[in-house]
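Peer 1: Okay, predicted coordinates and the sequence, questions at the end:
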Amino acid sequence: MKNPTFLFPKIFLLFFIALVISSCIKNDGSIIGDAKVRVFNTVISDTTRNFYFNNALFNSVSAVSALATSTNSSYFVVEAEKEYTIDSRNTITGVSNSSSKETFALGKNYSIYYTKSDSLPTTKPKMFIYQDTVRQNLNVAQVMFINYGYTLGSKVMITDRTKSFTETLGYGEKSGYRQIIEVGRSKTSLVLNLIDSTGVEDTISYTNFAKGKVYTVIIEGAKNGKLKERLVPNN
């Protein structure tokens, strides 16, 4: 006959494991989990925007104030495998001018880009949503480019000082992830310029990159059509 004092810890352990598993499962049998989301505002405006997820202000979970032009939130956690209606509202009037529906996959990271297709005042803003790469490669930095410069007059050419690659992106286009090996070298940089203004260049020095990090470069435009860009880490 087995010792009852020996059986009790085993029974208690099995009960605890079952309790943990059941706490992670919804009534419909699906697993509850999280996804991470961040929001970018690329629309040129004097008014900041609030972004709502199923009528809940994202600030309430991210502790970030409303987004001004050329700013973004950090990643914040949302419930995965659940459909969200996401809308952008004027912080003064509360009026929504853009909305989108999305279901975020379990354990994934996403970026939401609030943008316009042109600079006409009658053009309604819209939102584009992409899944981000955050997996590390400890030997290199990784960078992706996305062009939401709707005031720019031409496509943007991207290369580096050694011309090891050249890529041209029009509005709304994005690149794959490129690896940067020479991280930290001050004499090496990424070079961006409008294809109709080859003498005017913007650069991003490799001193801005770190091995194991993944980055997004958001290409934007000033109100006067000048090229702008932002380097934002994904991890």
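Peer 2: Nice, thanks for sending it over. Model, not experiment: these values are computed from the prediction.

Peer 1: What are the structural domain limits within the protein?
Peer 2: Under the assignment automatic domain parsing, the domains of the chain span 30-132, 136-235.

Peer 1: Include mean pLDDT and mean neighbour count when you put those into CSV, please.
Peer 2: (C-beta placed from N, C-alpha, C; glycine too.) Shown next, in CSV, are the domains of the chain (pLDDT from 0 to 100; neighbours: other Cβ atoms under 10 Å):
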stretch, mean pLDDT, mean neighbour count
domain 30-132, 89, 16
domain 136-235, 92, 16
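
Peer 1: Residue 134 - how many residues pack around it?
Peer 2: 15 (other Cβ atoms under 10 Å).

Peer 1: wait, isn't it in contact with residue 216?
Peer 2: No - using Cβ atoms under 8 Å, residue 134 makes no contact with residue 216, being 10.6 Å away.

Peer 1: So for these two, which residues contact both of them?
Peer 2: Jointly contacting residue 134 and residue 216 under the rule Cβ atoms under 8 Å, 6 or more residues apart in numbering are residue 234.

Peer 1: Now for the nearest residue to residue 57 once chain neighbours are set aside, which secondary structure element holds it?
Peer 2: Of all residues not flanking residue 57 in the chain, residue 50 sits nearest, at 5.8 Å (Cβ to Cβ, 6 or more residues apart in numbering). According to DSSP states H and E, residue 50 maps onto strand 49-53.

Peer 1: Which elements pack onto that strand?
Peer 2: Here strand 49-53 touches strand 83-90, strand 109-115, going by 3 or more Cβ pairs under 8 Å, 6 or more residues apart in numbering; DSSP states H and E.

Peer 1: And residue 51, how far from residue 212?
Peer 2: Distance from residue 51 to residue 212, counting by Cβ to Cβ, to the nearest Å: 30 Å.

Peer 1: Which parts of the protein are helices?
Peer 2: Under the criterion DSSP state H, the chain contains helices at 4-23, 59-62.

Peer 1: Show me the least confident stretch of those, going by mean pLDDT.
Peer 2: Mean pLDDT values for those show the minimum at helix 4-23, a mean of 50.

Peer 1: if I pick the residue nearest the centre of the chain, what's in contact with it?
Peer 2: The chain has residue 111 as the residue nearest its centroid, 2.7 Å off, counting by Cα atoms, centre = their mean. By Cβ under 8 Å, 6+ apart, the residues touching residue 111 are 37, 38, 39, 40, 129, 130, 132, 216.

Peer 1: Many thanks, I have nothing further to ask.
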